[in-house]
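J.: Got a predicted structure plus its sequence, pasted below:
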Amino acid sequence: MMLEAIQWRERKLRILDQLLLPLNKEYIDVTCVNEGWKVINKMQVRGAPAIAIVGCLSLAAELSKGTYTSGPEVAGVVAEKLRHLVTARPTAVNMETARKELTAFTQSLEREGKGAEEIVEAVIGWCEDLLEEDVRTNRKIGSLGSAAVLSRLSGGAKARVLTHCNTGSLATAGYGTALGVVRALQEAGRLERVYCTETRPYNQGARLTAYELVCEGLPGTLICDSAAAALMREKGVDAVLVGADRVAANWDTANKIGTYQLAVVAKHHGVPFFVCAPTTSIDKTLGGGADIPIEERPERELTDVAGTRVAAVGIACWNPAFDITPAELITGGVITEAQVVVPASAKA
Ligand SMILES: CSC[C@H]1O[C@H](OP(=O)(O)O)[C@H](O)[C@@H]1O
């Protein structure tokens, strides 16, 4: 049974509260942009594609209940609300990508002289298409990614893969990106085992990826973040598969903290390292990873476990939510719905 992070029924939005998973499965109503901003900022919903989809559907939910007098009024409201949604979390680019595209779409309708109601309906339809398109995109990533992984295995060997954070149905509209490649390998009968790191401090791996794997009966094994190198040496890994929050023009990639060190360890062990992401996660306006904003999260998310403090009181903390993996370490390539690109610097 595939988990559903986002429910859009009859223009009503509900999100699965991921802060409570896997012990409690509760949905939250999101009726407007301000509520959408809050559930994204608090990480009750997270994952680059899911952030954009929930942000846009929160706007659709608000518009569906509003009353507007003119096309310019609607266009102004849409532009302002989208700018606000982008501020909820700075690293993932998908919400900014959606803001640019939906703002341009709305302004073109305004220039055509469309009325308020017609623009509202068109914007709601655009947001609904974003939800539907994401699953199709993920399945294409899964197909291209599983072929790329299997091309490196001899005969009918099954793949042993390692993944980090959560990139599945809880980070997207369904199927997932890196976890979508895992699902495609399973569907092809070529998945031996998927190892998932716990992914401290939010524990996306232990709480979310492990939950997805158990729910669907996939052969998963949880490891602590610090066991990745030993896993590659002691048990063997055929590929590392991770997601992305923002990929720069030179293929440097921002992803969950800990990704960079996995890439370094994979390089040392000769394990191909793949980034799996939709083209909506690629930001060609940025030349390299140094230009990607890295979100820092509250100290308590590092010092506390399940609401109980475990770190010494008074210790200073540094809690970046993401790090940058340079393109030269992405040796397997960046897998999008359109292609697999091995950065030139990774071929050296
Ligand atoms: C399919 S994109 C998932 C991407 O987002 C995660 O970050 P967060 O849980 O903080 O939203 C992580 O970087 C994943 O790779």
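T.: That came through fine.
J.: From here on, just use CA atoms for contacts and neighbour counts.
T.: Fine.
J.: Tell me where the longest strand sits in this structure.
T.: strand 191-197 (DSSP state E).
J.: for the helix or strand that it is followed by, which positions count as buried?
T.: Using DSSP states H and E, the helix or strand that follows strand 191-197 in sequence is helix 210-216. Using 16 or more other CA atoms under 10 Å as the burial criterion, the residues of helix 210-216 that qualify are Ala210, Tyr211, Glu212, Leu213.
J.: Domain-wise, how is the chain divided?
T.: According to automatic domain parsing, the chain is divided into the following domains: 6-135, 155-347.
J.: Relative to Leu144, which of the ones you listed is closest?
T.: Checking the domains of the chain against Leu144 by CA to CA gives domain 155-347 as the closest, at 7.0 Å.
J.: Return the residues of the stretch 201-348 of the chain in contact with the ligand.
T.: Within reach of the ligand by CA under 6 Å from any ligand atom, the stretch 201-348 of the chain has these residues: Val242, Gly243, Ala244, Asp245, Asn255, Lys256.
J.: Scan the residues you listed and report the most crowded one.
T.: Gly243 (31 neighbours; other CA atoms under 10 Å).
J.: just checking, that one touches Asn255?
T.: Yes: contact criterion CA atoms under 8 Å: Gly243 and Asn255 qualify, at 6.6 Å.
J.: for the closest residue to the ligand within the stretch 51-200 of the chain, what are its contacts?
T.: Here the stretch 51-200 of the chain gets closest to the ligand at one residue, Thr167, 4.1 Å apart by CA to the nearest ligand atom. By CA atoms under 8 Å, 6 or more residues apart in numbering, the contact list for Thr167 reads Gly47, Gly176, Thr177, Ala178, Leu179, Gly180, Thr209, Val242, Gly243.
J.: now, which of those residues lie within strands?
T.: Filtering the contacts of Thr167 for strands - DSSP E - leaves Val242.
J.: What is the most widely separated pair among the contacts of Thr167?
T.: Going by CA to CA, the pair spanning the contacts of Thr167 furthest: Gly47 and Gly180, at 13.7 Å.
J.: Tell me how many other residues surround Lys38.
T.: With other CA under 10 Å as criterion, Lys38 counts 16.
J.: Report all helices and strands that the longest strand of the chain contacts.
T.: strand 159-163, helix 178-187, strand 220-223 (3 or more CA pairs under 8 Å, 6 or more residues apart in numbering; DSSP states H and E).
J.: Parallel or antiparallel, which strands does it pair with?
T.: Note on strand 191-197: by DSSP bridges, its sheet partners are strand 159-163 (parallel), strand 220-223 (parallel).
J.: For the ligand, what's its nearest residue on the stretch 1-150 of the chain.
T.: Gly47 (3.6 Å).
J.: Around that residue, count how many other residues there are.
T.: Other residues close to Gly47 by other CA under 10 Å number 26.
J.: ok so, going back, that's a helix at the residue of the stretch 51-200 of the chain closest to the ligand, yeah?
T.: No: applying DSSP: H, G, I helix; E, B strand; the rest coil, one finds Thr167 to be coil, outside a helix.
J.: on that earlier part again, ok, of the residues of the stretch 201-348 of the chain next to the ligand, which one's closest to Val30?
T.: Asp245 (23.1 Å).
J.: Enumerate every residue touching the closest one.
T.: Counted by CA under 8 Å, 6+ apart, Asp245 has contacts Gly47, Ala48, Thr91, Ala92, Val93, Asn94, Thr253, Ala254, Asn255, Lys256, Ser281.
J.: Show the pLDDT at it.
T.: Looking at Asp245, its pLDDT stands at 98.
J.: so which helix or strand takes in the residue nearest to it when sequence neighbours are not counted?
T.: Sequence neighbours aside, Ala92 is the residue nearest to Asp245 in space, at 4.2 Å (criterion: CA to CA, 6 or more residues apart in numbering). Secondary structure assignment for Ala92, by DSSP H and E: no helix or strand.
J.: Using the three-state scheme, assign Leu21.
T.: Leu21 - assigned by three-state DSSP - is coil.
J.: How much space separates the spatially closest residue to it that is not a sequence neighbour from Asn24?
T.: Nearest in space to Leu21, with sequence neighbours left out and distances taken as CA to CA, 6+ apart, is Arg207 at 6.2 Å. Distance, Arg207 to Asn24, by CA to CA, to the nearest Å: 11 Å.
J.: Same check on Ala61?
T.: Distance from Ala61 to Asn24, by CA to CA: 26 Å.
J.: okay, the two: which has more neighbours?
T.: The residue with more neighbours, out of Ala61 and Asn24, is Ala61; 22 against 11, by other CA under 10 Å.
J.: Lys73 contacts Lys114, doesn't it?
T.: Let me fix one detail, which is that residue 73 is Glu and not Lys. No: counting by CA under 8 Å, Glu73 does not reach Lys114; the two are 11.4 Å apart.
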